[in-house]
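Undergrad: any chance you can model this:
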Amino acid sequence: MMEDATDILRDQGMMETERSNFESQWQDVAELVLPRQADFPMGGFASSQGQKRTGRIYDETAMLALDHGCAVFESYQMPRGARWQSLAPLDDELLKNRRVRAWYELKTAQLFAMRAAPASGFAEQAHESTASLLAFGNQAITPELLLDARGRNTGMYYRSEHIGQLYIRENAHGRVDTTHRKFMLTARQAAQKWRDDAPECVQKAIRDRKPEEKHEYLHVLSPRRDWDPGRADAKGKPVASRYVSIGDKAIFDEGGYRSMPTIYSRFEKSPTESYGRGPVMNVMPAIRATQEMMKDLITAVELLAKPPLLATDDMLDQVVRYFAGGITYGALDFQGNPALKALIDGMDIAPAMELLAQSRGVIKRALWEDLFQVRMEQKTHVSATDILERSSEKGVLLAPLGRQETEWFSPMAMREVDLMWELGLLDDMPPEVREAGGLYQLTYDNPLRRAQMADQAAGFYRTLEGVTPLMQLKPELADVFLTRYPFEKVLAGLGRINAVPAAWESDEDERESAKMAIEQQGQAQQLLAAAPVVSKVAADLSKLNGGAGVAA
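TA: The predicted structure follows:
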């Protein structure tokens, strides 16, 4: 049974009540760490633009640490300019087919080319979503088709959603499968978006010549209950889409999607909650403490620089001039003793500064700012094993970021591949892939994955260091070691972990040619080395032959 507008609005009211506790916490986080998104009391809408939003901030440590945390997240998860995600066939047998491999590599290249296109806005929108994820523990991003002035599809664009406008429901597996996006448009914008299908409130505003009048809407995305894969219309799409005019209490635009258009992910989440929590929320006590301590320190420094003065009662009728370079008459008595004294003298703020530094350190560690110090702290005597072990430790510290591969990057890629299909970019699918149903899997080759693999390389170096003394005593053991760990396999693994570009690696044909050249060069060197001996033998034989002839 299809829900009507009344059912949807009733469900929306329940979702708003369920999320109210989170909203107050998110607003607190936003006001102290991410003020540009401090709109939660207004449902994600700014009451007026250009408001001053830094009134509660006295210490900027958390704001700067969030920027550094975003830099760490983006550089380890989706480094700009690198293909950190790849499409590959689901069937490993298809990997043996060179044409199939080349096709998947081409689609991966096209996907990243569309992400990198200036009009897509992927970099800045992904950055805003990252900031939301680390600050509030939740983010949402929507990839859509990019239309030109003529309405033709020319690529993709991305829009980071303000989580204050989004309400979610999970399925039985704990994945977000239902979203309500509550948003606002002017009548003019709504008429541009829906044209003749715009709701009654919009048409009335246009008739009344009130094009800038604003109205609220809901965009509901949920699994379609009456999904029929055999149909070509909206009921043939697994994700149902409905627009609701809140003022009219009516559904006015229904459709569907083949894939979930809005990708919602959580940083970390309690099994009993739907919404996530981020690292900034975890250190809010320290953030509040730094704000209070900074206010107190400002007061303390002001008191030290210009302390309150003590004066006797009979000085009530005197004017005290208290400023740099000023002369205060009457501040000395007839004996030359000061008639005025400072109320506070010799204040020690060192303990307060130490406590402030400790709280700042907690905030910075929560957002991995200490990872920026790794290269600065490395000494020249650090071995390759130590460096790899440190990289492995970074992979452990950043392990919570791996959740985004499940909730953000993989669903987003599924949506993007669906849009590529709509753009006609999958029409050149090889027959083998088409027969396999066009199935694919996603693989990740980003710095986070390599940092998590660094322990493997460190293990190899530890093993090599352990057996090197034995090989020095008995050199033939080196052959045993290389037989167990062939150099070609070790070299390929180290190159992958250390992010050596794949384009630098030779293919099989080039390696075979190089081996043949080495073998030929080795044979030539053997011949050159043997040439003097051969010449001497030939000369000796010639002498022997000549001597035999004379004797005969």
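Undergrad: kindly report the domain assignment for the chain.
TA: With domains defined by automatic domain parsing, the chain comprises 5-44+117-183+217-282, 285-377, 384-428+440-504, 510-552.
Undergrad: per-residue confidence averaged over stretch 91-99?
TA: Stretch 91-99 carries an average pLDDT of 81.
Undergrad: flag every buried residue along it.
TA: Across stretch 91-99, burial judged by 16 or more other CB atoms under 10 Å covers 91, 94. (Glycine included, C-beta is placed from N, CA and C.)
Undergrad: one more: stretch 429-448?
TA: By 16+ other CB under 10 Å, the buried positions in stretch 429-448 come out as 429-430, 433, 436, 440, 444, 446-448.
Undergrad: again, but for stretch 202-218
TA: 202, 205-206, 213, 215, 217-218.
Undergrad: of these, which pair is most distant in space?
TA: 206 and 218 (21.1 Å; CB to CB).
Undergrad: what would the buried residues of stretch 202-218 look like in TSV with distance to residue 328, secondary structure and pLDDT?
TA: Listed next are the buried residues of stretch 202-218 as TSV, based on distance: CB to CB, whole Å; DSSP: H, G, I helix; E, B strand; the rest coil; pLDDT from 0 to 100:
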residue	distance to residue 328	secondary structure	pLDDT
202	71	helix	94
205	68	helix	94
206	71	helix	93
213	63	coil	94
215	66	strand	95
217	67	strand	96
218	68	strand	96
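Undergrad: one step back: the buried residues of stretch 429-448 in strands, which ones?
TA: Secondary structure of these is defined by DSSP state E; positions in strands are 440, 444.
Undergrad: how about residue 66: what's its closest non-neighbour residue?
TA: Computed as CB to CB, 6 or more residues apart in numbering, the closest residue to residue 66 that is not its neighbour in sequence is residue 33, at 5.5 Å.
Undergrad: right, I mislabeled it, should have said residue 202
TA: Nearest one to residue 202, counting by CB to CB, 6+ apart, is residue 190 at 4.4 Å.
Undergrad: quick revisit: of the buried residues of stretch 429-448, which is the nearest to residue 406?
TA: residue 444 (11.0 Å).
Undergrad: check contacts around the closest one.
TA: Residues in contact with residue 444 (CB atoms under 8 Å, 6 or more residues apart in numbering) are 84-86, 405, 409.
Undergrad: for the residues you listed, which two are the farthest from each other?
TA: Between any two of those, the greatest separation by CB to CB is 12.5 Å, found for 86 and 405.
Undergrad: host element of the residue nearest to residue 202?
TA: Using DSSP states H and E, residue 190 maps to helix 187-194.
Undergrad: starting at the chain centroid, how far to that helix?
TA: Distance of helix 187-194 from the chain centroid (CA atoms, centre = their mean, to the nearest Å) equals 34 Å.
Undergrad: check stretch 460-473 too.
TA: Its chain's C-alpha centre and that of stretch 460-473 lie 39 Å apart, by CA atoms, centre = their mean.
Undergrad: pull the CA atoms of that stretch into PDB?
TA: Only the C-alpha atoms of stretch 460-473 are listed here, as PDB (Å, rounded to 0.1, in the frame of the first residue of the first chain):
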ATOM      1  CA  PHE A 460      60.000  -9.200   5.400                       C
ATOM      2  CA  TYR A 461      62.700  -6.800   6.400                       C
ATOM      3  CA  ARG A 462      62.700  -8.200  10.000                       C
ATOM      4  CA  THR A 463      63.100 -11.700   8.600                       C
ATOM      5  CA  LEU A 464      65.900 -10.500   6.300                       C
ATOM      6  CA  GLU A 465      67.700  -8.800   9.200                       C
ATOM      7  CA  GLY A 466      67.400 -11.900  11.300                       C
ATOM      8  CA  VAL A 467      68.900 -14.300   8.700                       C
ATOM      9  CA  THR A 468      71.600 -11.900   7.300                       C
ATOM     10  CA  PRO A 469      74.200 -13.000   9.900                       C
ATOM     11  CA  LEU A 470      73.600 -16.600   9.000                       C
ATOM     12  CA  MET A 471      74.000 -15.800   5.300                       C
ATOM     13  CA  GLN A 472      77.300 -14.000   6.000                       C
ATOM     14  CA  LEU A 473      78.600 -17.100   7.700                       C
END
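Undergrad: which residues of the stretch 101-250 of the chain fall in strands?
TA: Along the stretch 101-250 of the chain, counting by DSSP state E, counting those that start in this stretch, strands occupy 138-147, 153-161, 166-170, 176-186, 214-223, 239-245, 250-257.
Undergrad: out of these, which gets nearest to residue 512?
TA: Among the strands of the stretch 101-250 of the chain, the nearest to residue 512 by CB to CB is strand 153-161 (40.5 Å).
Undergrad: what lines up beside that closest one in the sheet?
TA: Strand 153-161 has the following strand partners under DSSP bridges: strand 138-147 (antiparallel).
Undergrad: hmm, who's touching the partner strand?
TA: 119-120, 125-126, 129-130, 132-133, 153-161, 163, 166, 179, 261-267, 275-276, 278, 408, 412, 415-416, 419, 422-423.
Undergrad: at 7 Å instead, please
TA: Defining contact as CB atoms under 7 Å, 6 or more residues apart in numbering, one finds that strand 138-147 is touched by 119-120, 125-126, 129, 132-133, 153-161, 163, 166, 261-266, 275-276, 412, 415-416, 419, 422.
Undergrad: and for stretch 154-166?
TA: Outside stretch 154-166, the residues that reach it (CB under 7 Å, 6+ apart) are 37, 39-40, 43-44, 114, 117, 119-122, 125-126, 128-129, 132, 136, 138-148, 179, 181-183, 262, 264, 416, 419.
Undergrad: wait, residue 239 sits on residue 256?
TA: Yes. Residue 239 is within contact range of residue 256, at 5.9 Å (criterion: CB atoms under 7 Å).
Undergrad: pLDDT added to the buried residues of stretch 429-448, as a markdown table?
TA: Formatted as a markdown table, those follow (pLDDT from 0 to 100):
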| residue | pLDDT |
| --- | --- |
| 429 | 92 |
| 430 | 91 |
| 433 | 89 |
| 436 | 86 |
| 440 | 87 |
| 444 | 82 |
| 446 | 71 |
| 447 | 72 |
| 448 | 69 |
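Undergrad: ok, so of the buried residues of stretch 429-448, who is nearest residue 476?
TA: Nearest to residue 476 out of those is residue 447 (CB to CB; 39.7 Å).
Undergrad: state the distance from residue 70 to residue 123.
TA: Relative to residue 123, residue 70 is positioned 12 Å away (CB to CB, to the nearest Å).
Undergrad: settle it for me: which of these two has more neighbours?
TA: Neighbours per residue, other CB atoms under 10 Å: of residue 70 and residue 123, the larger number sits with residue 70, 21 against 14.
Undergrad: what's next to stretch 94-101, contact-wise?
TA: Counting by CB under 7 Å, 6+ apart, stretch 94-101 makes contact with 89, 430, 432-433, 436, all of which sit outside it.
Undergrad: any idea how far apart the tips of that stretch sit?
TA: End-to-end distance of stretch 94-101 (CA to CA, to the nearest Å): 8 Å.
Undergrad: out of the domains of the chain, deepest packed?
TA: Greatest average neighbour count among those goes to domain 5-44+117-183+217-282 (a mean of 18), per mean count of other CB atoms under 10 Å.
Undergrad: list the residues that contact residue 511.
TA: The contact partners of residue 511, by CB under 7 Å, 6+ apart, come to none.
Undergrad: kindly report the same for the one 4 residues further on.
TA: Contacts for residue 515 were tallied using CB under 7 Å, 6+ apart; there are none.
Undergrad: and the buried residues of stretch 429-448 as a markdown table, adding distance to residue 504?
TA: Below are the buried residues of stretch 429-448 laid out as a markdown table (distance: CB to CB, whole Å):
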| residue | distance to residue 504 |
| --- | --- |
| 429 | 30 |
| 430 | 27 |
| 433 | 28 |
| 436 | 31 |
| 440 | 26 |
| 444 | 20 |
| 446 | 18 |
| 447 | 17 |
| 448 | 22 |
